[in-house]
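J.: here are the coordinates; sequence isn't available:
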């Protein structure tokens, strides 16, 4: 009940962003469960492209709020929202508003020489999701908006 009270105490803007992030997290998770990644990839943007590292000033607050909403919603949803799901959700939220972003896919070896993967999302010079471990991974693929 306390979580519900916290939700309703949020400003309307944050409440709607939280709900939108939940929607996109659900779409991303469902897509990854039922579709091969090769069908999803073209919808993430142009392969091996990157968005500019400069960001328009009027986007800065929104980009920070999306990061907050995706992280919070991921922690409270009943399904698993790992790094790729979070990055895809943020990418969907940005694309809807025409804000450029880049989704990165990386790999690394763990202590047992097994490959592990990680995904993160960047818009401008801000890391939206997956920032915590990204330095441990070698980028193998990127997806950014298709050129206009």
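T.: Received, thanks. Note that the coordinates shown come from a computational prediction; the quantities given were computed from them, not determined experimentally. Residues are numbered from 1 along each chain as shown.
J.: where does the closest residue to residue 24 other than its chain neighbours land on pLDDT?
T.: Leaving aside its chain neighbours, residue 24 sits nearest to residue 89 (3.7 Å; criterion: CB to CB, 6 or more residues apart in numbering). Backbone N, C-alpha and C define where each C-beta goes, glycine included. The score at residue 89 is 98. That number is its pLDDT.
J.: Make 13 the first number, not 1, from now on.
T.: All set: I'll call the first residue 13, so the last point we hit is now residue 101.
J.: And the strands in the chain?
T.: Remark: strands assigned in the chain by DSSP state E are 58-59, 114-121, 127-135, 138-141, 150-156.
J.: Identify the spatial nearest neighbour of residue 96, chain neighbours not counted.
T.: Ranked by CB to CB, 6+ apart and with sequence neighbours excluded, the top spatial neighbour of residue 96 is residue 131, at 4.1 Å.
J.: how many neighbours does the residue nearest to residue 36 have?
T.: Other residues near residue 101 come to 29 when the count uses other CB atoms under 10 Å.
J.: Spell out the residue ranges of the helices in the protein.
T.: With DSSP state H as the definition, the chain shows helices at residue ranges 14-21, 24-46, 49-52, 72-88, 95-109.
J.: I'd like to know which of those is closest to residue 63.
T.: helix 95-109 (9.2 Å; CB to CB).
J.: Now do that closest one against strand 114-121, angle only.
T.: Per axes from the mean of the first three to the mean of the last three CA atoms, to 10 degrees, the angle that helix 95-109 makes with strand 114-121 is 170 degrees.
J.: OK, contacts around the residue nearest the centre of the chain?
T.: Nearest to the mean C-alpha position of the chain, counting by CA atoms, centre = their mean, stands residue 99 at 2.0 Å. Each residue near residue 99 by CB atoms under 8 Å, 6 or more residues apart in numbering is listed here: 115, 116, 131, 132, 133, 140, 141, 142.
J.: Pick the one among these closest to residue 70.
T.: Once CB to CB is applied, the member of the contacts of residue 99 that ends up nearest residue 70 is residue 140, at 16.9 Å.
J.: ok, that closest one - contacts?
T.: Listed by CB under 8 Å, 6+ apart, the contact set of residue 140 reads 75, 78, 79, 82, 99, 102, 113, 132, 133, 134.
J.: My guess is residue 131 contacts residue 116. True?
T.: Yes - with contacts counted by CB atoms under 8 Å, residue 131 reaches residue 116, the gap being 6.6 Å.
J.: Sweet, I'm off.
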